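1. Quick one: sequence plus predicted model below, questions after.
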Amino acid sequence: MISKGITYGKFRFGLVEDDAVRKDTFRMRYEVYVQEFGFEKREDHPDGFETDDYEKESIHFACLNENDSVIGTIRLVLNSEKGFPIEHAVKTTFIGKKPHPSKIAEISRLTVSKDLRRRKEDGMYGVESYIKEKEGGVLPDDGTIPEEMKGRKNPIIVLGLYQVMYHESKRRGLTHWYMITEKKVFYALKKYGFLFHQIGDPVQYHGERIPYLGNIDEIEKDLYRSNPDMVKIMLTGLEKEFHPPFFAI
């Protein structure tokens, strides 16, 4: 079961509130992180679920297909006595005034099922195609592309996951997002108007990973200036009380 969600064609996105769906996100992560890419050791996850020490401190989001199977997932790690994963991986420099840690969350475990990636080089995030001029898109060409997301280069699964994650961030009063990921994810998000700032040196962890910081207020304003249609999409399904004051729909 997922809640507070949105639907695009046959894909449903939302907050994971059901143990069965949560386990299905761990199962999909196992398929990608362990079986497909070998980032994690099989012996560390004998139950067939890819998990770590931050699951209980995290909010999980999922994309479900028409069979209610998880085919995309992302999570927000909230503040706790454990700190944030990024703080244990790399030295960072916060940009601007740093709020209380309860206002910050770390984006992680963005994953798209390999069956929904068009090309091998899209990698486990399924975003490589979106920063190229030709081809691409994590969505089958079967007529289910919704009007508001039309265009083969729209990464509907990634954008849908970010949309419901943004909604829950606004509801919880979060102001900043940490993220440590590949540069291609940064460029894919930038292409669609989601501006993050590098806040530390690259580190080697299953390839080069770079630490980033996103200021949600800044992202909203920059997105409003550069791509107001995307703002309308991102606000769809979010209660008006949480809409940014400069953009009313």
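-> Cool, the structure landed.
2. now the strands: where do they sit in this protein?
-> Along the chain, the stretches classed as strands by DSSP state E are 2-8, 11-16, 58-64, 70-78, 104-112, 176-181, 197-198, 203-204, 208-215.
3. Turn the ones you listed into TSV, columns for mean pLDDT, distance to Pro245 and mean neighbour count.
-> All C-beta spots, glycine's among them, are computed from the backbone N, C-alpha and C. TSV is the format used below for the strands of the chain (pLDDT from 0 to 100; distance: least, C-beta to C-beta, whole Å; neighbours: other C-beta atoms under 10 Å):
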stretch	mean pLDDT	distance to Pro245	mean neighbour count
strand 2-8	90	22	17
strand 11-16	95	25	22
strand 58-64	97	25	23
strand 70-78	96	24	23
strand 104-112	94	22	23
strand 176-181	96	19	22
strand 197-198	97	23	15
strand 203-204	90	38	10
strand 208-215	95	16	20
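4. In space, what's closest to Glu220 - neighbours in sequence excluded?
-> Pro244 (4.6 Å; C-beta to C-beta, 6 or more residues apart in numbering).
5. now swap in His167 and tell me
-> Nearest non-adjacent residue to His167 (C-beta to C-beta, 6+ apart): Leu238, at 4.6 Å.
6. follow-up on the earlier one: which one of the strands of the chain lies nearest to Val32?
-> strand 104-112 (5.1 Å; C-beta to C-beta).
7. got a pLDDT number for Arg171?
-> Here the pLDDT value assigned to Arg171 is 97.
8. Now do the contacts for it.
-> Arg171 makes contact with Lys4, Glu239, Phe242 under the criterion C-beta atoms under 8 Å, 6 or more residues apart in numbering.
9. before we move on, back to that, could you redo the strands of the chain as a markdown table and give each row distance to Pro155?
-> Shown next, in a markdown table, are the strands of the chain (distance: least, C-beta to C-beta, whole Å):
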| stretch | distance to Pro155 |
| --- | --- |
| strand 2-8 | 12 |
| strand 11-16 | 12 |
| strand 58-64 | 11 |
| strand 70-78 | 10 |
| strand 104-112 | 9 |
| strand 176-181 | 14 |
| strand 197-198 | 21 |
| strand 203-204 | 25 |
| strand 208-215 | 17 |
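10. and of these, who's closest to Tyr30?
-> strand 104-112 (10.1 Å).
11. Direction-wise, compare that closest one with strand 208-215 and give the angle.
-> Strand 104-112 runs at 130 degrees relative to strand 208-215, counting by axes from the mean of the first three to the mean of the last three C-alpha atoms, to 10 degrees.
12. any idea how far strand 104-112 is from the chain center?
-> Counting by C-alpha atoms, centre = their mean, to the nearest Å, strand 104-112 is centred 5 Å from the centre of its parent chain.
13. Listing partners with orientation, what would you give for it?
-> Strand 104-112 sits in its sheet next to strand 70-78 (antiparallel), strand 176-181 (parallel), going by DSSP bridges.
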